[in-house]
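Participant: Sequence first, predicted model second:
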2 protein chains.
Amino acid sequence: MTRWPLPEPMQEAIALAARAAELGEVPIGAVITHDGQIIAASHNSPRKDHDPTAHAEIAAIRAAAKSLGQQRLENCELWVTLEPCAMCAGAISHARIAKLYYAASDPKGGAVEHGARVFEQDQCLHRPDVYSGIGEAQAAEILRNFFRKRR
Amino acid sequence: MTRWPLPEPMQEAIALAARAAELGEVPIGAVITHDGQIIAASHNSPRKDHDPTAHAEIAAIRAAAKSLGQQRLENCELWVTLEPCAMCAGAISHARIAKLYYAASDPKGGAVEHGARVFEQDQCLHRPDVYSGIGEAQAAEILRNFFRKRR
């Protein structure tokens, strides 16, 4: 049996999540692609950076916008290992990200299909196309292992 | 008649909003205080910085956390001229800001008393005490003038 391969950007996001775990950060990774090329890749780093906003998505969006020299990321796609929180969903909307792919759902902190449901608000000015469940088993396992070790 | 003076941090936030307008950025200013002292002061700068996350609140939170050398801002107060959006409300919660003071309400983009109502979600792990309407006339006027000129 051949297991269907994950898209390369999600493989990279999952590798970044694993790297975050090694550094003692909550293991979440994010990658931004533009014209099929990876232009930014980040993982959570609030502890190391002393920055509560340093989620993988925020770091990737900031890096991608800097690299393109513009504040909007139209035609860009964001790949992240966990359902974005309200902060990150808001940033994704502000950045005008075209497509959002995420691996695991997050009933505790996610704000796409849970809680604040940022993209479903009438006032939301830009909604990306959203695809979930891509690589969720791997992404969830990395998170589970991380929190199991910390208990 | 003597007009009741605004608290100094909000006066400063309003001055920063006016400064943002001069620079062509949406005029919103934010200040963070700790033990009654201002430890961070910022305004919107997504255009200049090529950073869709560079709202006044995010910039102030990042600067304050850096200056305190920690990712959490317990015992800190955030003063901002406009009701925070979902991104910024999420960041305020992650940062564990104790008290949030804002000037004008924002039915179009606010996510405290409108839309995503981030702090009212069951999953929200930290809710600041929220005080609104402090300096709202001045803050709203700066915003109105800015958008009137751009039309």
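Facilitator: Thanks, I have it.

Participant: hey, let's count contacts and neighbours off CA atoms from now on
Facilitator: Will do.

Participant: For the residue nearest the centre of chain A, which three-state class applies?
Facilitator: With distances taken as CA atoms, centre = their mean, A:V80 lies nearest the centre of chain A, 2.7 Å away. Three-state assignment for A:V80 (DSSP: H, G, I helix; E, B strand; the rest coil): strand.

Participant: Surely it is in contact with A:S105?
Facilitator: No: using CA atoms under 8 Å as the test, A:V80 is too far from A:S105 to be in contact (10.8 Å).

Participant: how much space is there between the residue nearest to the centre of chain A and A:A60?
Facilitator: 10 Å (CA to CA, to the nearest Å).

Participant: what do the two both touch?
Facilitator: Each of A:A30, A:V31 lies in contact with both A:V80 and A:A60 under the rule CA atoms under 8 Å, 6 or more residues apart in numbering or on different chains.

Participant: Not counting residues beside it along the chain, what's closest to A:K48?
Facilitator: Leaving aside its sequence neighbours, A:K48 sits nearest to A:E25 (CA to CA, 6 or more residues apart in numbering or on different chains; 8.0 Å).

Participant: And that neighbour, its phi and psi?
Facilitator: Main-chain dihedrals, A:E25, degrees, to the nearest 10: phi -100, psi 150.

Participant: In terms of helices and strands, where is whatever residue of chain A ends up closest to chain B?
Facilitator: As assessed by CA to the nearest CA, chain B sits closest to A:M87 within chain A, at 3.6 Å. Using DSSP states H and E, A:M87 sits within helix A:86-94.

Participant: what does that helix contact?
Facilitator: If you take CA under 8 Å, 6+ apart as the criterion, helix A:86-94 is touched by A:55, A:57-58, A:61, A:72, A:110-112, A:116-119, A:124-128, B:52-53, B:85-91, B:118.

Participant: which of the residues you listed count as buried?
Facilitator: A:55, A:57-58, A:61, A:72, A:110-112, A:116-119, A:124, A:127-128, B:52-53, B:85-91, B:118 (16 or more other CA atoms under 10 Å in any protein chain shown).

Participant: Return the subset of those lying in helices.
Facilitator: A:E57, A:I58, A:I61, B:A86, B:M87, B:C88, B:A89, B:G90, B:A91 (DSSP state H).

Participant: okay if I get those residues as JSON lines plus distance to B:P46 and pLDDT?
Facilitator: Output for these, formatted as JSON lines (distance: CA to CA, whole Å; pLDDT from 0 to 100):
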{"residue": "A:E57", "distance to B:P46": "17", "pLDDT": "98"}
{"residue": "A:I58", "distance to B:P46": "13", "pLDDT": "98"}
{"residue": "A:I61", "distance to B:P46": "12", "pLDDT": "98"}
{"residue": "B:A86", "distance to B:P46": "16", "pLDDT": "98"}
{"residue": "B:M87", "distance to B:P46": "14", "pLDDT": "98"}
{"residue": "B:C88", "distance to B:P46": "14", "pLDDT": "98"}
{"residue": "B:A89", "distance to B:P46": "17", "pLDDT": "98"}
{"residue": "B:G90", "distance to B:P46": "18", "pLDDT": "98"}
{"residue": "B:A91", "distance to B:P46": "17", "pLDDT": "98"}
